[in-house]
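> got a predicted model here, sequence first, then my questions.
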Amino acid sequence: MSYVTGLRCRECGAEYSREPLHVCEQCFGPLEVRYNYDEIRAVMSRELIESRPRNVWRYRELLPIEGEPKVGPHSGFTPLVKADRLAAVLGVKELYVKDDSVNHPTFSYKDRVVSVAISAAIEFGFETVSCASTGNLANSVSAHAARAGLNCYIFIPDDLEQGKVIGSAIYGPRTVAIRGNYDDVNRLCSEIADKYRWAFVNINIRPYYTEGAKTYGFEIAEQLGWTFPQHVIVPTAGGTILPKVAKAFWEMKKVGLVDGPLPKIYSAQAGGCAPVINALHRGSDLIAPVKPNTIAKSIAIGNPADGFYVLRAVRDSGGWGEAVTDEEIVAGIQLLARTEGIFTEPAGGTTVAVTKKLIELGRIPRNESIVISVTGNGYKTLEAVTASCAKPHHISARLSEFDALYAELNPPAAKAAS
Amino acid sequence: MSIQVRIPTPLRRFTSGSEQVGASGATVGSVVDDLERQFPGIKEKLCDEKGEVRRFVNLYLNGDDIRFLSNLDTAVKEGDELSIVPAIAGG
């Protein structure tokens, strides 16, 4: 059963039927899936959702598939961690981390959007799936394609972290590394998608793909007890997730699942690639592309296709956005790891660091509920934190040496106090 | 200057299905005007009423986004390649 009424251009409003189209033929604008919310409202309830397995398909009426989900039976419903120690350090009352670093099967939020994209691709009859990727997406597409028995081609920039490259290759796709940055890869893939008629999850399947990001938002509200948080900070790369998280909260209200004021949404970017934040701070609608230069490779998209929608979602919600330096990003990763035992990658470090900055700037009040969005796993980007991690202490296998080391690390004054 | 222009699928209905066409001009802007002369109606898909490139259209000259060059005033030389690509992202 599908409640999709078709596709609609986000810019000029032109309408299309439910097909693998991503670009409006009138104005080149992006297409978005449309739903019949009245029908959804009549069937969806908290009890129905709670009765379902803990995965992205829990909210299937609000997802663009027609039949049974084909992939992603364990994707989604990741922990919403109450982060009291981090809250204490940041000086806030109520803080949570939505932890997609443990998403299944490839440890990033991409498993949500890919589950939906590949299910839709299978419904459209595609046999080859593909993507242009900075890494997390390639990992996810390869894994889901393997499980579904589909052919798979992955396109990456050739300077990607090794963990991310192997993290896709292991599932058996063809991997094509492009000499260039992510925007170069995207451009080539757009041309390949046109020519080869493959299901590029983030190109011709894009309107279906992006809908999967809403599940991140649905879960936050459900896991808070069917309540909206007051502030949500989201990293911004191509601009997919932030507007869809905002849409998720809006849809929950529209179909009667949650009531109350919608959250303020904040965008987090790395200073070395902050085209959206630049436009936000300039008070402009026009996003000038930048050449990325940051360790946060997973959000290093200099030309974000959905950047305009990020700006609109942030402004409409009464939120804001900030960018942080690479040093602050690494400090953000460490702070989260040391206070809450969550190891995220630079995109997550960016979000933690930006949250800290927004609180210090007084943009986010200290006594309101805050959710930090973690979208990926630090084990995939060890290079980013290697230099800043404390080195181990080396000793021989002798108790006396350990005694000496322990005494050195715990001087008498500290010992007396403990 | 005569150059090659790569046409994305949504615009091929203007070029009778051709994915690559020849065009000429001294700048990217004049190449776009030449495309309009050859394929009436195509310019409106690329540029708004003020003559600026639409937000969701990317133009690349020899692989470089013209917004990093001189936009529509970017000079074109013989044998260059202009790619018209709808904006996409994510990954």
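Structure's in. What do you need?
> what's the neighbour count on the residue of chain A found nearest chain B?
Taking CB to the nearest CB, chain B has its nearest neighbour within chain A at A:G238, 3.0 Å off. Every C-beta, even on glycine, is put in place using the N, C-alpha and C of the backbone. Number of residues near A:G238 (other CB atoms under 10 Å in any protein chain shown) recorded here: 27.
> so which helix or strand takes in it?
Following DSSP states H and E, there is no helix or strand that holds A:G238.
> that one contacts A:F308, doesn't it?
No - using CB atoms under 8 Å, A:G238 makes no contact with A:F308, being 11.7 Å away.
> shouldn't A:M252 be within a strand?
No - in this structure, A:M252 is helix, not part of a strand, as judged by DSSP: H, G, I helix; E, B strand; the rest coil.
> what pLDDT does the residue of chain A closest to chain B get?
pLDDT for A:G238: 90.
> do the same with B:G90
At B:G90, pLDDT is 47.
> wait, what's in contact with residue 61?
If you meant another chain, say so; for now it's chain A. Neighbouring residues of A:E61 by CB atoms under 8 Å, 6 or more residues apart in numbering or on different chains: A:M1, A:Y3, A:I40, A:V43, A:M44, A:V255.
> can you look at chain B instead?
B:V28, B:L69, B:T74, B:V76, B:D80, B:E81, B:L82.
> quick one: the strands in the stretch 1-150 of chain A, in order.
Counting by DSSP state E, counting those that start in this stretch, the stretch 1-150 of chain A has strands at residues A:4-9, A:15-16, A:31-35, A:80-82, A:94-99, A:128-132.
> to A:A347, which of these lies closest?
strand A:94-99 (13.0 Å; CB to CB).
> now that closest one: mean pLDDT?
In the prediction, strand A:94-99 has an average pLDDT of 98.
> which helices and strands sit right next to it?
If you count contacts as 3 or more CB pairs under 8 Å, 6 or more residues apart in numbering or on different chains; DSSP states H and E, strand A:94-99 packs onto strand A:80-82, helix A:84-90, helix A:214-223, strand A:369-374.
> mind listing what that strand pairs with, with the direction of each?
Counting by DSSP bridges, the strands paired with strand A:94-99 are strand A:80-82 (antiparallel), strand A:369-374 (parallel).
> distance between the shortest one and the chain's centre?
Computed by CA atoms, centre = their mean, to the nearest Å, the chain-centroid distance of strand A:80-82 equals 16 Å.
> cool, the longest one as well?
Shown here is strand A:369-374, whose average C-alpha point lies 12 Å from the average C-alpha point of the whole chain (CA atoms, centre = their mean).
> buried ones in the helix or strand just after that strand?
Sequence-wise, the next helix or strand downstream of strand A:369-374 (DSSP H and E) is helix A:383-386. By 16 or more other CB atoms under 10 Å in any protein chain shown, the buried positions in helix A:383-386 come out as A:A384, A:V385.
> same for helix A:383-386, what does it pack against?
The contact analysis (3+ CB pairs under 8 Å, 6+ apart) places helix A:383-386 against helix A:326-340.
> what's the helix it packs on packed up against?
helix A:84-90, helix A:346-360, helix A:383-386.
> how about a cut-off of 6 Å?
helix A:84-90, helix A:346-360 (3 or more CB pairs under 6 Å, 6 or more residues apart in numbering or on different chains; DSSP states H and E).
> looking at those helices, which is buried most?
Across the helices and strands packed on helix A:326-340, averaging neighbours per residue (mean count of other CB atoms under 10 Å in any protein chain shown) puts helix A:346-360 on top, at a mean of 27.
> quick check: closest non-adjacent residue to A:V102.
Using CB to CB, 6 or more residues apart in numbering or on different chains and skipping residues adjacent in sequence, the residue nearest A:V102 is A:T78, 5.7 Å away.
> can you check A:Y171 too?
A:S142 is the one closest to A:Y171 (CB to CB, 6+ apart), at 3.8 Å.
> pLDDT score for that neighbour?
Reported pLDDT for A:S142: 96.
> looking at the contacts of B:L61, which are in helices?
Cross-referencing the contacts of B:L61 against helices under DSSP state H gives B:V28.
> all strands for chain B, in order.
For chain B, applying DSSP state E gives strands covering B:2-6, B:20-24, B:57-61, B:64-65, B:81-86.
> can you lay out these as a markdown table showing distance to A:D326?
As requested, the strands of chain B are exported to a markdown table (distance: least, CB to CB, whole Å):
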| stretch | distance to A:D326 |
| --- | --- |
| strand B:2-6 | 36 |
| strand B:20-24 | 41 |
| strand B:57-61 | 27 |
| strand B:64-65 | 24 |
| strand B:81-86 | 30 |
